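*Asks:* quick check, what structure comes out for this input:
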Amino acid sequence: MWEDALHSPVVADRFAEAVDGVLASFTHLLEAYQARGLMTADAPAQRVAMAMASLLPGFIVRRAIHGDVDAAMF
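*Replies:* Residues are numbered from 1 along each chain as shown. The predicted model follows:
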């Protein structure tokens with residue numbers, strides 16, 4: 001999919017929408033954690049969400065190739 005996104009504007013747009021959706025979900029979750037006092041409010045939720053979203057491709061590849069990670073580890 002990543003390769004196709006480099007060559008197809010249609011795929012790139014759809015991929016960007018999917019990534020934006022993940023980012024929005026993470027941001028919403030982190031804001032809820034901050035509101036409950038479960039996470040410091042010092043770090044902007046959107047920036048933390050971007051870092052989390054950036055880790056996803058590595059998690060997916062690691063799980064697909066090695067199978068030695070699961071969501072609970074993260």
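*Asks:* report the buried residues of the lowest-mean-pLDDT helix or strand in the chain.
*Replies:* In the chain, no helix or strand scores lower on mean pLDDT, DSSP states H and E than helix 2-7, which sits at a mean of 86. For helix 2-7, burial by neighbour count (16 or more other Cβ atoms under 10 Å) applies to residue 5. C-beta coordinates here come from the backbone N, C-alpha and C atoms, glycine included.
*Asks:* ditto for stretch 3-21
*Replies:* Those would be 5, 15, for stretch 3-21 by 16+ other Cβ under 10 Å.
*Asks:* C-alpha coordinates for the least confident helix or strand of the chain, PDB please?
*Replies:* The C-alpha trace of helix 2-7 is given here as PDB (Å, rounded to 0.1, in the frame of the first residue of the first chain):
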ATOM      1  CA  TRP A   2       2.800   2.400   0.800                       C
ATOM      2  CA  GLU A   3       4.500   1.700  -2.500                       C
ATOM      3  CA  ASP A   4       1.200   2.300  -4.400                       C
ATOM      4  CA  ALA A   5       0.600   5.500  -2.500                       C
ATOM      5  CA  LEU A   6       3.900   6.900  -4.000                       C
ATOM      6  CA  HIS A   7       2.700   6.300  -7.500                       C
END
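*Asks:* quick one: average pLDDT of the next helix or strand along the chain from that helix?
*Replies:* Next along the chain after helix 2-7, taking DSSP states H and E as the criterion, comes helix 9-35. Here helix 9-35 scores 95 as its mean pLDDT.
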